[in-house]
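Novice: show me the folded form of this:
(one chain, ligands or ions: 1)
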Amino acid sequence: MKFFVDTADVAEIRELNEYGLLDGVTTNPSLILKAGRDIKEVTKEICDIVDGPVSAEVTAVDYAEMMREADVLSKIADNICIKLPLTLDGLKACKALTGDGRQTNVTLCFSANQALLAAKAGATYISPFIGRIDDMGTDGMEVISEIRTIYDNYDFQTNILAASIRTVNHVKLAAMIGADVATVPPATLKALVKHPLTDKGLESFLADWAKTGQKIG
Ligand code: E4P
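Specialist: Residues are numbered from 1 along each chain as shown. Here you go, the predicted structure:
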């Protein structure tokens, strides 16, 4: 499973990248607002840090304007992945952009049928929003599972990018189902390493090591 980080915070991205944990980055208009930076400037900085795909989202709702914005965003760096909303115009833009050899991420997916349409439009990534589906009282993971089955039935190459991840359990379940990628907030990504028995075990090894009076090297 690949890990993308879901943030436009350059400091967080730099830190996670140094740990070797990052395969890519996803941003959206709300994350750009949170970063408080100019979209082109911050996206360029992120693209310079991470080798993998960096999703930058169009904000237009009609096809022509989406294509114009996609052109502007694509010029930021070679690793830009154009993020498009799951609407008819977004799917049309997805088809045109993938036909042009661009990477695309179809976002705001809440059902398996929407994911089927994105695959037919040739999307590189489909982003089902697990947390927001859970918020509705339905099961986000069930949607991931349905999409996995449909994509495997027809050998669609679109990557399932589990998004709107809120917990470490979301990451584990998405991995068990076979989502290709999870885009995870920085704090949740770091929380994956945590286990109380690891801390306790390390503490006791270090205490015993100190008693040996030895040094390695
Ligand atoms: C994905 O690409 C989105 O940016 C993100 O995962 C949305 O998550 P949220 O529901 O926590 O805002």
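
Novice: count of neighbours near residue 85?
Specialist: One way to gauge burial is a neighbour count; for residue 85, by other CB atoms under 10 Å, it gives 19. Yep, even glycine has a C-beta here, placed from its N, CA and C like the rest.

Novice: correction: the previous question concerned residue 114.
Specialist: One way to gauge burial is a neighbour count; for residue 114, by other CB under 10 Å, it gives 19.

Novice: so it touches residue 86, yeah?
Specialist: Yes: here residue 114 lies in contact with residue 86, judged by CB atoms under 8 Å, at a distance of 5.0 Å.

Novice: up against the ligand, what does the protein have?
Specialist: Residues of the chain lying near the ligand by CB under 6 Å from any ligand atom: 6, 26, 28, 107, 127, 129, 131, 132, 163, 164, 183.

Novice: neighbour-wise, which of those leads?
Specialist: Going through those with other CB under 10 Å as the criterion, the one with the most neighbours is residue 163, at 30 neighbours.

Novice: secondary structure class for the spatially closest residue to that residue that is not a sequence neighbour?
Specialist: Among residues not flanking residue 163 along the chain, residue 127 sits closest, at 4.1 Å (CB to CB, 6 or more residues apart in numbering). In three-state terms, and counting by DSSP: H, G, I helix; E, B strand; the rest coil, residue 127 is strand.

Novice: using the three-state scheme, assign the closest residue to residue 156 other than its chain neighbours.
Specialist: Closest residue to residue 156 apart from its sequence neighbours, by CB to CB, 6+ apart: residue 119 at 3.9 Å. Of the three states, residue 119 takes helix under three-state DSSP.

Novice: residue 119 contacts residue 126, correct?
Specialist: Yes: under the criterion of CB under 8 Å, residue 119 is in contact with residue 126, at a separation of 6.8 Å.
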